[in-house]
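Colleague: Return a 3D structure for these sequence lines:
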Amino acid sequence: MDDKFYRNRARILRELANEADPLIKRRLLRLANNYDGMTATKTSRDQAKKPESNSKNDSPGGQQLADRHKP
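Modeller: Predicted coordinates:
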């Protein structure tokens, strides 16, 4: 499938989300973002991602999980 298809599908899902209840709206917007991620050309919105942690043991506060459980 080409980028045009994915962009069009994301647009349709966002239009549907505008008329949906809050739960369905979140799910539709998440799906639309997945379609955006499938396109070869990324927009600035797609490039603004959260930084990933360097370690699987890191917590959001930066303290490692193993350190939390020390007596």
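Colleague: ok, Ala17 to Lys25 distance?
Modeller: Counting by C-beta to C-beta, to the nearest Å, the separation of Ala17 from Lys25 is 5 Å. In short, each C-beta sits where N, CA and C put it, glycine included.
Colleague: between the two, which one's more packed in?
Modeller: Remark: of Ala17 and Lys25, Ala17 carries more neighbours, 18 against 15, as counted by other C-beta atoms under 10 Å.
Colleague: Run through the residues that contact that one.
Modeller: Under the criterion of C-beta atoms under 8 Å, 6 or more residues apart in numbering, the neighbours of Ala17 are 24-25, 28-29, 32.
Colleague: quick check, nearest of the residues you listed to Ala10?
Modeller: Ala32 (4.2 Å; C-beta to C-beta).
Colleague: pretty sure the closest one is touching Arg14, no?
Modeller: Yes. With contacts counted by C-beta atoms under 8 Å, Ala32 reaches Arg14, the gap being 5.1 Å.
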